[in-house]
Structures are given as C-alpha cells and as structure tokens.
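In: Kindly return the folded structure for what I paste below:
(one chain, ligands or ions: 3)
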Amino acid sequence: MTNTVRMHQGPVDSSKVPRFAGPATFARLPRLDQVPRADVAVVGVPFDTGVSYRPGARFGPAAVREASRLLRPYHPGLDVSPFERVQVADAGDIAANPFDIGEAIEAIEAGADAIDARLVTIGGDHTIALPLLRSVARRHGPVALVHFDAHLDTWDTYFGAEYTHGTPFRRAAEEGLLDTEALSHVGIRGSLYGKKDLEEDRRLGFGIVTAADVLRRGLDEVTDLLRQRIGDRPVYISVDIDVLDPAHAPGTGTPEAGGLTSRELLEILRALAGCRLVGADVVEVAPAYDHAEITSIAASHVAYDLVSLLALNAEERG
Ligand SMILES: N=C(N)NCCCC(=O)O
Ligand SMILES: [Zn+2]
Ligand SMILES: [Zn+2]
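Out: Ligands and ions are numbered 1, 2, ... in the order given. Down below sits the predicted model:
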C-alpha cells in the first residue's frame, strides 16, 4: 500500500505557527488519536529503573520531542518526505511502573502490541528493547538486529537481576526473538568485565563492528558488511545514543570515550535504506547530563532517519 492517493496529516506548518509554540509532539506531528490510522508511530517509554550507573533516561522522550521541533519535512539524504509518503503520528508515552521492572516490561510489551503501526520508540533505558523485540517477533518472527551501542548489552545479570539495561539482548536471544544468523553490534568499545564477555556474545551469534572498525575500515565497507548480514530478513534497529562519542552525546548514563560521530551514525543508518526495517528504538538519552541539547538533538535526528527508513518501506505493509 503506497499512499499516492490518500493525503496524510503532516506536522504543524512552521511558517504559520512558530516552531517553538505549542506542546511538543515528535517533529510537531499529529497525535495518534488525531488521525484515523497511522503507518508509523513514534512512542515514548519514559523508564530508567534498569540502569547500572547514572539514572535519568526516564526524561529522554520529553527531551527528544522538544529537540525535534526543528525537523523539516523533506529528508534530502534519503530523498523522501516521510510525512507525505505515509501517515506518521506521535503515540504518546507508554506508562511503565518505575518501581517494578517486571511489571514495566509487561506494560511496554502490551503497549507496543496495542499500536497498529511500525514503531520508532524513544527511551528510556536499554531494558525496554526486550519487550519491544517480543512485540516485533510476535508480528514478524525472529528478526535480524543491528544494535548501535558502546556496550554489548548481552551480559547475564547485575546484582542477580536478569532484566536490566545491560542484558536485553542476551534475554532476547534466549527467548528466540532474534535470527541468530543476522545479529550485529556497531560502535562497541570500552572496558569489559573479561574476555569471556566477547566469547559469550559470539556464542549468541553476534558479529561486532567496533568503533575502531568504523574508523579504520570506513563507512562503505562497514555498511556493506551490515547489509550482507541482514539480507532480506526483517530487521530491527536499536540505537543506544552512547554509541556516539561523549562529545556528540554527553547526556547519557554510561558514557565511553572513543565513539562514533553523529555524522557517521547517520550515514550508516542511511546506507541501510532498502532493508526490511520493521521497528526501531533510540534509547539512553539522559537530559540531566546534556548540554545545549547536544544529545537530544542527535537523538531526534536519529529518530527522524529511522522514521524515514520506515516510510521508504511503506509499500510492504498490507
Ligand atoms: N545499555 C547501556 N547503556 N549500558 C550498559 C552498561 C552496563 C554496565 O554497567 O556494565
Ligand atoms: Zn550503551
Ligand atoms: Zn545499551
């Protein structure tokens, strides 16, 4: 279903209503309850009870929406006007219990299931990727994964807890939500607990493109490799904003030196155009540590690229 006939309700026109006026929805788009239906929805998950270090990602969705006021409707890098091509709407926030991680995970899964659209989710800490992947796998079966992060997030437990922001992809692999032939981490760097972290990660099926690989091998080689690994499988993209260097994303809970630039991240995302993207998230934006909205601006642009990639794929939806 392409949308050559149907008109879609786009963002508020920033030449008629100043972009700094009114309450913030993502990119000034209509709310989901203001449109008959949507192809793509942006949803917030203000939850950070799964963090191992600095808290604050619960304020990520609001900060990313604020920073998204400046987004314009045409994406020149992908040559698409995503909000004309498909109906995109802001689905608000999923209410996740901040005092009970298990209950929060259930609410996030149910909240994602309840939205009949491809989702770009704004976190929230990385714990939320697990229930989001459960929801995606229910619709599409086990998915390929491109996981942008400084961290593996395939650790087993913290303080004996299984559901944390350092463990979502181990749990997802154990639950059979992932296609083990097509799993990539991008941007990995920094200290580990031991060499076995890498061995266990490899055993789960992941291939790693380190931050150093992006520099040394270059964007074209890296994106070729990622595309090859994805093939024509349905793919989920999870972007932990700490994949960026702290210079490009200081507002996050577990920052690591030596990361990607926002230009590199956006270029890699754009090179994934044409892949069968079925859902995505941007997580770990913690505005209390941010400066001049550096991190939330980067995250809003990442989310815009993910929405645009989904819009390019729209004809695949029934
Ligand atoms: N998912 C993020 N951002 N960080 C995981 C770090 C886990 C640790 O403290 O070792
Ligand atoms: Zn991380
Ligand atoms: Zn992470």
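In: Mind checking if stretch 279-299 is in reach of ligand 1?
Out: Yes: judged by Cβ under 6 Å from any ligand atom, stretch 279-299 comes into contact with ligand 1 through E284. To be clear about C-beta, it is placed using only N, CA and C from the backbone, and glycine gets the same treatment.
In: And that stretch, what's buried?
Out: For stretch 279-299, the neighbour count (16 or more other Cβ atoms under 10 Å) marks 279-287, 289-290, 293-299 as buried.
In: quick one, what contacts the residue in the stretch 51-200 of the chain that ligand 3 sits nearest to?
Out: Per Cβ to the ion, H126 is where the stretch 51-200 of the chain lies closest to ligand 3, at 3.6 Å. The neighbours of H126, taking Cβ atoms under 8 Å, 6 or more residues apart in numbering as the test, are G50, D149, D153, H165, G166, P168, S238, D240, V283, E284.
In: if I look at the first one, how far off is Y193?
Out: Remark: distance between G50 and Y193 (Cβ to Cβ, to the nearest Å) = 18 Å.
In: Same question for the third one.
Out: Between D153 and Y193 the distance, using Cβ to Cβ, works out to 13 Å.
In: So these two - more neighbours on which side?
Out: For D153 versus Y193, neighbours defined as other Cβ atoms under 10 Å are more numerous around D153 (26 against 7).
In: The closest residue to the more buried one other than its chain neighbours - how many residues pack around it?
Out: Leaving aside its chain neighbours, D153 sits nearest to F169 (5.0 Å; criterion: Cβ to Cβ, 6 or more residues apart in numbering). Residues within reach of F169, counting by other Cβ under 10 Å, total 28.
In: Surely F169 is in a strand?
Out: No: F169: not assigned to a strand; according to DSSP: H, G, I helix; E, B strand; the rest coil it is helix.
In: Compute the distance between it and R118, please.
Out: Counting by Cβ to Cβ, the gap from F169 to R118 is 21 Å.
In: tell me the contacts of A137?
Out: V143, G176, L177, L178.
In: Cool, thanks, talk later.
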